[in-house]
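Peer 1: sequence and predicted structure, then a few things I'm wondering about:
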Amino acid sequence: MEHRYAPMPPMRSVPSAPLVGPFAERLLALDLPDLPASRRDDAIGFTVRRIDGLPSVMHIGVLVIAAVFRCILIAPRSDGFVRFVARAPLPVVGEYVRLIRSLGYAYIWETWPDTRPTGAAA
């Protein structure tokens, strides 16, 4: 006997842009101060798309950390927090920073290989 099941509708993923984008913006601006805004926006878009494509459990984990970061970024003087986490090798938090940084850097140097270490176009 063959069983036929109705196909499950695809699960909708929570978009990461509102949570990940603001931190990625500040991190890339801190790391690459001379990167033109249009290039930074492109790198952030790439980063968000990659995070949106993560497997569900990993995606949820990244969004939980991103939500905590987003709450902190709303506070005044949160740039000090970004500077701290960008340089401190903290467990879990450091992995999130490395994820955002590596995706942004990969996009920047793959798309514009002549980019200088400060983010300036060569």
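Peer 2: Structure's in. What do you need?
Peer 1: same for the lowest-mean-pLDDT helix or strand in the chain, what does it pack against?
Peer 2: Scoring the helices and strands of the chain by mean pLDDT, DSSP states H and E places helix 79-87 at the bottom, with a mean of 88. Helices and strands touching helix 79-87, as assessed by 3 or more C-beta pairs under 8 Å, 6 or more residues apart in numbering; DSSP states H and E, comprise helix 17-31, helix 56-74, helix 93-111. C-betas here are computed from N, CA, C, even on glycine.
Peer 1: tell me the angle whichever helix or strand comes after the shortest one makes with helix 17-31.
Peer 2: Sequence-wise, the next helix or strand beyond helix 17-31 is helix 37-52, with elements assigned using DSSP states H and E. Following axes from the mean of the first three to the mean of the last three C-alpha atoms, to 10 degrees, one obtains 130 degrees for the angle between helix 37-52 and helix 17-31.
Peer 1: buried stuff in helix 37-52?
Peer 2: Buried positions in helix 37-52, judged by neighbour count with 16 or more other C-beta atoms under 10 Å: 39, 40, 42, 43, 44, 46, 47, 48, 50, 51, 52.
Peer 1: pLDDT weak spots in the protein?
Peer 2: 1-13 (pLDDT under 70).
Peer 1: ok, the most centrally placed residue in it to residue 114 distance?
Peer 2: Among the residues of the chain, the one closest to the centroid is residue 100, at 3.9 Å (C-alpha atoms, centre = their mean). Noted for residue 100: a distance of 23 Å to residue 114, by C-beta to C-beta, to the nearest Å.
Peer 1: likewise for residue 16?
Peer 2: Taking C-beta to C-beta, one finds residue 16 at 29 Å from residue 114.
Peer 1: higher neighbour count, the two?
Peer 2: residue 16 (22 against 8; other C-beta atoms under 10 Å).
Peer 1: contacts only, for the residue lying closest to residue 62 once chain neighbours are set aside.
Peer 2: Among residues not flanking residue 62 along the chain, residue 51 sits closest, at 5.7 Å (C-beta to C-beta, 6 or more residues apart in numbering). Applying C-beta atoms under 8 Å, 6 or more residues apart in numbering to residue 51 gives the contacts 16, 20, 59, 62, 99, 103.
Peer 1: okay then, goodbye and thanks.
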